[in-house]
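Novice: quick one, structure for this:
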Amino acid sequence: MLRSPHPQALRGTRIRLPRPQALRVTRIRLPRPLTRRVTYTRWLHLFISTIVIGIWMFISTDALYVPVIVLGLLGFLPAMRLVEGLQARLLLSPYGYKDDVSGIAVSASTTWAERWRTALWLELRLGLGMLTGLLTVNLIGLSIDLALTAAGGGADSGAIVPLPAGEGHWWYVLFVPVPIALLLACVVALGELIAFLARRLLGPSAAERLAALEERTEQLLERNRIARELHDSIGHALTVAVVQAGAARAAGNAEFTERALSAIEATGRSALEDLERVLLVLRESAQPTSSRPTLADTGRLLESARASGAEVDAEVTGPLTQVPGPVSREGYRIVQEALTNVLRHAGPVPTRVRIAVADGRLELEVQSALSGTAAPAVAGSRGSGLRGIRERAALLGGEATTGPHEGRWRVRVGLPLDGLR
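Specialist: Numbers count the residues shown, from 1 in each chain. The predicted model follows:
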């Protein structure tokens, strides 16, 4: 004998009852192409191309080949490719006319090959537009005739399929949606076809694709350079500030603390200037790079490192004024990053900086004492800072070596002065 559970045992228990079959709602999902806006804008695009024939029909019903010839000749006008490209992007592409993902160019013709493709595009667009118009009129007319015949009336829409008149054909109403469904299928298929032709005939040429690729490459290189600029300048300033603050707290000397605060203030202002300059480059892509610091400004960099408590011995030989601007600017960043790594991983240890210009080369060398900090320094060699040094050297056609050398940590970079050529 089964016993029902005690009412207290059921308290707080959720009981789910099965949903009655009659309450289940079935969602009717339309085919995805019919829910996309671009399907109907492509339909409109095909209809627009028949305007030329429509205008000519008002002038003359004979010699329909005249607008076809005129339309082909218009394709040889350079501006016609620009107009057709904008219209195709707007109506045929789901990405919009401002997006290059569509694969349709928006520029005037510059070669005869582009003019020929534009003329062919106009002819094919006209032919597909006339086919779309005929299908639309006849299939909609056929659907209307089916409805009229089912109601007992006569078919008078002029559709291509003749239907019997009179009563007794009520079952024709079952076929009324068929022409509409066939029309929608034709619209989707013709829309895909016209979009494919637009990408093939109005798409960018090889020269345009190469120019776009070069522009994209320049943008990526500029972003990479800006990232290195921010890493070097801001990273150096923060490292100096941290080292100065730690040294001042450990020293407990009011005079040393005052010097440390002054060094932190000067370094912070310099970092703010670098940050404002980089942000200005981001706002104005045409901003010249001549305002970036060069090897002539190395003195300020060395003083900043000395203010952190490090003993920096500098040796500069050769005419720095003969170093090309790009090499001089990148050389400054290399020395800055090397000093930053010394302060970050080894602290205020004795450091030697050598800058030499001789025999068409720029030699940069930064050596620091390892003492008991060899492991952090070696670990720092795998960071993004020293990797950036090697990348800078490689871009300028030079080489960079980093690592322990004769009991000291050394960063050595050699750059050809004519490496940019």
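Novice: can you show me the helices along the stretch 51-200 of the chain?
Specialist: 51-59, 65-74, 78-92, 112-150, 177-201 (DSSP state H, counting those that start in this stretch).
Novice: buried residues in the second one?
Specialist: In other words, helix 65-74. Residues of helix 65-74 classed as buried: Pro67, Val68, Leu71, Gly72, Leu74 (neighbour count, 16 or more other CB atoms under 10 Å). Using the backbone N, CA and C atoms, a C-beta is placed for each residue, glycine as well.
Novice: next: the last one.
Specialist: In terms of neighbour count (16+ other CB under 10 Å), helix 177-201 has its buried residues at 179, 183-184, 186-188, 190-191, 194-195, 197-199, 201.
Novice: low-confidence stretches in the stretch 1-150 of the chain?
Specialist: 1-30, 97-100 (pLDDT under 70).
Novice: just to revisit the earlier point, just so I know, which of the helices of the stretch 51-200 of the chain lies nearest Thr257?
Specialist: helix 78-92 (64.3 Å; CB to CB).
Novice: need the residues that contact the closest one.
Specialist: Residues from elsewhere that reach helix 78-92 (CB atoms under 8 Å, 6 or more residues apart in numbering): 38, 41-42, 44-45, 48, 74-75, 95-99, 102, 104-110, 114-115, 118, 121-122, 191, 194-195, 198, 202.
Novice: from those residues, list the buried ones, please.
Specialist: The buried subset of the contacts of helix 78-92 (16+ other CB under 10 Å) comprises 38, 42, 45, 74-75, 97, 102, 104-106, 108-109, 114-115, 118, 121-122, 191, 194-195, 198, 202.
Novice: TSV for the helices of the stretch 51-200 of the chain, including distance to Ala266?
Specialist: TSV is the format used below for the helices of the stretch 51-200 of the chain (distance: least, CB to CB, whole Å):
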stretch	distance to Ala266
helix 51-59	71
helix 65-74	67
helix 78-92	53
helix 112-150	59
helix 177-201	58
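Novice: of all those helices, which one is nearest Thr298?
Specialist: Nearest of the helices of the stretch 51-200 of the chain (CB to CB): helix 78-92, 51.7 Å.
Novice: quick one, that closest one and helix 177-201 angle?
Specialist: 140 degrees (axes from the mean of the first three to the mean of the last three CA atoms, to 10 degrees).
Novice: okay, now Arg333: neighbour count?
Specialist: Applying other CB atoms under 10 Å, we find 23 other residues in the vicinity of Arg333.
Novice: numbering from 796 from now on, please.
Specialist: Happy to do that; since the first residue is 796 now, the last one works out to Arg1128.
Novice: avg pLDDT for the one helix or strand it maps to?
Specialist: Counting by DSSP states H and E, the element that carries Arg1128 is helix 1120-1140. Per-region confidence: helix 1120-1140 scores 83 on mean pLDDT.
Novice: what helices or strands is the helix or strand immediately after that helix in the chain leaning on?
Specialist: Heading C-terminal from helix 1120-1140, the first helix or strand you meet, by DSSP H and E, is strand 1146-1153. Applying 3 or more CB pairs under 8 Å, 6 or more residues apart in numbering; DSSP states H and E, we find strand 1146-1153 packed against helix 1093-1102, strand 1107-1112, helix 1120-1140, strand 1156-1164.
Novice: now the closest residue to Ala1042 other than its chain neighbours, what are its backbone angles?
Specialist: Spatial nearest neighbour of Ala1042, chain neighbours left out: Gly1104 (4.9 Å); criterion: CB to CB, 6 or more residues apart in numbering. Note on Gly1104: its backbone torsions stand at phi 100, psi 0 [degrees, to the nearest 10].
Novice: is it correct that Gly1104 is in contact with Pro1143?
Specialist: Yes. Using CB atoms under 8 Å, Gly1104 is in contact with Pro1143, at 3.5 Å.
Novice: which neighbours do the two have in common?
Specialist: Val1038, Ala1042.
Novice: still on that earlier bit, check contacts around the residue nearest to Ala1042.
Specialist: Val1038, Gln1039, Ala1042, Pro1143.
Novice: which one of those residues sits closest to Gly924?
Specialist: Val1038 (73.4 Å).
Novice: so which helix or strand takes in the closest one?
Specialist: Going by DSSP H and E, Val1038 is part of helix 1001-1046.
Novice: pLDDT of that helix, averaged?
Specialist: 71.
Novice: what sits against the closest residue to Ser897 other than its chain neighbours?
Specialist: Leaving aside its chain neighbours, Ser897 sits nearest to Ser888 (3.6 Å; criterion: CB to CB, 6+ apart). Ser888 makes contact with Val833, Asp894, Ser897, Ile899, Ala990 under the criterion CB under 8 Å, 6+ apart.
Novice: list the contacts for the nearest residue to the first one once chain neighbours are set aside?
Specialist: Counting by CB to CB, 6+ apart, Val833 lies nearest to Pro889, which is 4.4 Å off, once chain neighbours are set aside. Pro889 is in contact with Arg831, Arg832, Val833, counting by CB under 8 Å, 6+ apart.
Novice: okay, Pro889 and Ala1133: tell me how far apart.
Specialist: Here Pro889 is placed at a distance of 51 Å from Ala1133 (CB to CB, to the nearest Å).
Novice: same question, Arg1018
Specialist: Taking CB to CB, one finds Arg1018 at 24 Å from Ala1133.
Novice: ok, Arg1205 next?
Specialist: Distance from Arg1205 to Ala1133, by CB to CB: 9 Å.
Novice: likewise for Leu866?
Specialist: Counting by CB to CB, the gap from Leu866 to Ala1133 is 67 Å.
Novice: repeat that for Leu1165.
Specialist: 15 Å.
Novice: the more surrounded of those two?
Specialist: Ala1133 (26 against 19).
Novice: contacting residues around the more buried one?
Specialist: Leu1159, Val1161, Ile1184, Val1206.
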